[in-house]
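Visitor: sharing a model that was predicted from the sequence below.
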Amino acid sequence: VLFPFLYLQGNARAAFVPFAAAFALALVWSVVSSVIMIPAVGVGDAGGTAWPTLDRFYLATLAPLLRWRRLTLTLVVAGLALVGWGFVKHVPKSSFGNWYGQRTQLSINVTFPRGSDPESLDRSMAEFERITVGREGVEKVEARGYGSNARVEVSFTKAAALTALPLQMQEEVTERAVLVGGASVSVYGRGPGFYNGGGGASVAYRIKLLGYSFGGVERLAKDLKARLEGISRVRNVNINAASYWGAERAVSVILTPDRAALARAGLTARDFAAAIAREIRGAVGGQRLEFDGEQILVSLKATGSRERSLDELKSALVPNVTGSPVRIGDLAQVSEREGLGTIQREDQQYLRVVAYDFRGPAKLADRTHEAFMKSITPPAGYTVSDQQFSWEEDQSTKGLWLVFAAGVTLVILAVAIVFNSIWATAMVFLSLPLCLSGVAAVFWATGTSFSREAAVGVILVVGLAVHQAILLVDAALEKRRDGAGLTIDAVLSAASDRAGMIMLVTLTTMASLIPLAVGADSDSLFASIALATAGGTVAGTLGALWIVPVYLVGWRGAGSSRPQSAAQSL
């Protein structure tokens, strides 16, 4: 019945059909074998206890729990509260899957203008390799160059991904990328080391500004930048984040000539412009020379013009009529200015995006950002808002909660119909918290992130782990039907009678889960499902053997005047 719910959640319906078909065939075969084959094979069994020593040990450990049932129930409630607290506080959650084994990586993309010198690209890649290669916690560094683009991939070990090394190295590479002139450099990280969990991390926010004046929008962005930089946890405030992808920032070199200094050196503006053109890359015109009757445009460049730094540009000599050593820095004010690489307009208004990172927990980051947005009062004619992604939000998590609720409801209805007893239904329902606590405990103990795949395992637990409680409650109903009442001796007899069946159900279930987890990483798809299902099944077994009997003692129950066992109902 749950398959239609799963079918309607998500888009992978083509992959769902064979999975549903295989499950349906397996279910039909199990019913046929249970009803026809196994009864035929089991004819002539003499019965009896196959392991008397284990049976005596089980009863010896269960009897004290039944006699001190109030203390037992108090400890059980305290244990459930402790496991729930540990799951909420210490188990990382991932809303978009469990990374499917994805490693923590840092990507560095370098793009030079078309036609640039390949040696400049190679030197830039070597600079980033010197920062990353050989560092403790770095597993591998790969560099690839093609045309005017280059890419450096830094892979971290799993242990280093849980430390501050990825974010620290991202800052170091970003500081070096700022010094690469004439190129567009983007540095970004991906994987659990940058985004997973709710602890210390970097949360990015983007603020959208709109206005009819380009200069007014720029002044408003600078004002917001100054206010954001006053917040201690805010880093990397960028007022030129025009888009999510590509190079949105452009750095320009600004030269402001000093006409008085040019006059003293005997230089005209044209002479000064020609001297600067020889010191930098790019098309600057040239002199036409004739070779073998053919005119060729020749541009004269100074040595090292392709990788000239700002300080070297200031120190470059300018030829003049006096023959005195005059530098560019003596004749003009040289500075750099960061601006937009592209100008965007929306509804005839200029668009500018202010982006920043918040170093700290996600909840604190959200509260700080909301308070900052409420404190902004834009001038008349300007608007300030959060910039959000335009695509639809993933709703699969809500679908999983719907399937989980439907599964619990169907289990309760099935038990109520078969047993025809409200009391028996309540006892089975009380076993569910024990099963779910096993899921929470195993993820807390292993430090594995709880993702959507693990939630699928929880849904399976709802159906699998209650089998043990159903067996025990069925035996208790038989004792109650005999008129003995649910005394300690009656519950001990019922538990002893069904302990072997409960262990058999658990062993067969675990045998089908072990192949999923063997040889797989703890954060892989199948291992997450197997881990959640195994943890819930084991906890359900322990609860059915030692905790659920404590529930049964002393209960008279309410329900049908003619309670019947599950076997009789079937």
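Guide: Structure received.
Visitor: verify the contact between residue 224 and residue 205 for me.
Guide: No - with contact defined as CB atoms under 8 Å, residue 224 and residue 205 do not form a contacting pair (11.4 Å). Every C-beta, even on glycine, is put in place using the N, C-alpha and C of the backbone.
Visitor: what average pLDDT does the top helix by length along the chain get?
Guide: The single longest helix within the chain, with elements called by DSSP state H, is helix 488-517. Average pLDDT, helix 488-517: 82.
Visitor: helices or strands up against that helix?
Guide: Packing contacts for helix 488-517, counted by 3 or more CB pairs under 8 Å, 6 or more residues apart in numbering; DSSP states H and E, involve helix 52-67, helix 466-481, helix 525-542, helix 548-552.
Visitor: out of those helices, which gets nearest to residue 271?
Guide: Nearest to residue 271, of all the helices and strands packed on helix 488-517, is helix 525-542, at 68.8 Å by CB to CB.
Visitor: the closest one packs against which elements?
Guide: helix 432-446, helix 452-464, helix 466-481, helix 488-517.
Visitor: now the shortest one: buried residues?
Guide: With burial defined by 16 or more other CB atoms under 10 Å, the residues of helix 452-464 counted as buried are 452-462, 464.
Visitor: now do the last one
Guide: Residues of helix 488-517 classed as buried under the neighbour-count rule (16+ other CB under 10 Å) are 488, 490-500, 502-503, 505-506, 509, 513, 516-517.
Visitor: next one: the third one
Guide: Going by neighbour count (16+ other CB under 10 Å), the buried part of helix 466-481 is 466-480.
Visitor: name the residues that touch it?
Guide: Applying CB atoms under 8 Å, 6 or more residues apart in numbering, the external contacts of helix 466-481 come out as 411, 415, 419, 421, 424, 427-428, 431-432, 435, 485-486, 490-491, 493-495, 497-498, 501-502, 505-506, 540-541, 543-545, 548-549, 552, 557, 563-567.
Visitor: in a markdown table: the buried residues of helix 452-464, plus pLDDT.
Guide: As requested, these are exported to a markdown table (pLDDT from 0 to 100):
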| residue | pLDDT |
| --- | --- |
| 452 | 74 |
| 453 | 74 |
| 454 | 80 |
| 455 | 81 |
| 456 | 81 |
| 457 | 82 |
| 458 | 85 |
| 459 | 83 |
| 460 | 82 |
| 461 | 85 |
| 462 | 82 |
| 464 | 76 |
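Visitor: which among those residues gets closest to residue 179?
Guide: Of the buried residues of helix 452-464, the one sitting nearest to residue 179 (CB to CB) turns out to be residue 452, at 42.3 Å.
Visitor: so where do the strands sit in the stretch 301-450 of the chain?
Guide: 317-318, 326-327, 332-340, 344-346, 349-359, 383-386 (DSSP state E, counting those that start in this stretch).
Visitor: among the ones you listed, which is nearest residue 402?
Guide: When those are compared by CB to CB, strand 383-386 sits nearest residue 402, at 28.9 Å.
Visitor: so which bits of that closest one are buried?
Guide: residue 384.
Visitor: same question, stretch 222-241
Guide: 224-225, 228, 234, 237-241.
Visitor: show me these that map onto strands.
Guide: Among these, the members falling in strands (DSSP state E) are 234, 237-238.
Visitor: what's the spacing between the residue lying closest to residue 241 once chain neighbours are set aside and residue 238?
Guide: Closest residue in space to residue 241, ignoring its immediate chain neighbours: residue 355 at 3.8 Å, by CB to CB, 6 or more residues apart in numbering. Counting by CB to CB, to the nearest Å, the separation of residue 355 from residue 238 is 5 Å.
Visitor: what about residue 311, neighbour count?
Guide: Other residues within reach of residue 311 by the criterion other CB atoms under 10 Å amount to 9.
Visitor: next one: it from residue 259, what distance?
Guide: 24 Å.
Visitor: low pLDDT regions in the stretch 1-150 of the chain?
Guide: Applying pLDDT under 70 to the stretch 1-150 of the chain flags the ranges 1-23, 26, 29, 33-50, 93-102, 114-116.
Visitor: what packs against whatever helix or strand residue 131 lives in?
Guide: Assigning secondary structure by DSSP states H and E places residue 131 in helix 118-132. In terms of contacts (3+ CB pairs under 8 Å, 6+ apart), helix 118-132 is packed against strand 105-111, strand 138-146, strand 149-156, helix 165-177.
Visitor: residue 129 contacts residue 143, correct?
Guide: Yes - contact criterion CB under 8 Å: residue 129 and residue 143 qualify, at 6.1 Å.
Visitor: mutual contacts of these two, please.
Guide: residue 152.
Visitor: mind listing what residue 378 touches?
Guide: 209, 220, 384.
Visitor: can you report how many residues lie near the first one?
Guide: What that stands for is residue 209. 24.
Visitor: my read is it is in a strand, agree?
Guide: Yes - according to DSSP: H, G, I helix; E, B strand; the rest coil, residue 209 belongs to a strand.
Visitor: who's it bridged to?
Guide: residue 352, residue 384 (DSSP bridges).
Visitor: pLDDT at it, what is it?
Guide: The model reports residue 209 with a pLDDT of 91.
Visitor: just the buried positions in stretch 323-342, please.
Guide: Buried-residue list, stretch 323-342, by 16+ other CB under 10 Å: 326, 328-332, 334, 340.
Visitor: what's the answer for stretch 83-92, then?
Guide: 83-84, 87, 91-92.
Visitor: what ranges of the stretch 201-350 of the chain fall below the confidence cut-off?
Guide: For the stretch 201-350 of the chain (pLDDT under 70), the answer is 201-203, 242-251, 281-286, 304-307, 338-341.
Visitor: the buried residues of stretch 323-342: which two are farthest apart?
Guide: Between all members of those, the farthest pair (by CB to CB) comes out as 326 and 340, at 34.7 Å.
Visitor: packing partners of the helix or strand containing residue 271?
Guide: Per DSSP H and E, residue 271 falls inside helix 269-279. The elements that helix 269-279 packs onto, with contact taken as 3+ CB pairs under 8 Å, 6+ apart, are strand 249-257, strand 317-318, helix 328-331.
Visitor: now with 6 Å, please.
Guide: Under the contact definition 3 or more CB pairs under 6 Å, 6 or more residues apart in numbering; DSSP states H and E, helix 269-279 sits against no other helix or strand.
Visitor: who touches it?
Guide: 262, 284, 300-302, 305, 308, 313, 316, 318 (CB atoms under 6 Å, 6 or more residues apart in numbering).
Visitor: list just the nearest of those residues to residue 136.
Guide: For the contacts of helix 269-279, the nearest to residue 136 is residue 308 (35.8 Å; CB to CB).
Visitor: coming back round to it: can I get the helices and strands packed on helix 118-132 in a markdown table including distance to residue 530 and mean neighbour count?
Guide: Converted to a markdown table, these look like this (distance: least, CB to CB, whole Å; neighbours: other CB atoms under 10 Å):
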| stretch | distance to residue 530 | mean neighbour count |
| --- | --- | --- |
| strand 105-111 | 27 | 21 |
| strand 138-146 | 26 | 14 |
| strand 149-156 | 26 | 20 |
| helix 165-177 | 29 | 18 |
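Visitor: relative to residue 367, which of those is closest?
Guide: That would be helix 165-177 among the helices and strands packed on helix 118-132, by CB to CB, at 21.3 Å.
Visitor: can you list the strands that the helix or strand just after that closest one pairs with?
Guide: Counting by DSSP H and E, the next helix or strand C-terminal to helix 165-177 is strand 184-190. If you go by DSSP bridges, strand 184-190 pairs up with strand 105-111 (antiparallel).
Visitor: roughly how far out does the partner strand sit from the chain middle?
Guide: Centroid separation for strand 105-111 versus its chain: 20 Å, with CA atoms, centre = their mean, to the nearest Å.
Visitor: that strand to strand 138-146, inter-axis angle?
Guide: Relative orientation of strand 105-111 versus strand 138-146 (axes from the mean of the first three to the mean of the last three CA atoms, to 10 degrees): 20 degrees.
Visitor: alright, that wraps it up for me.
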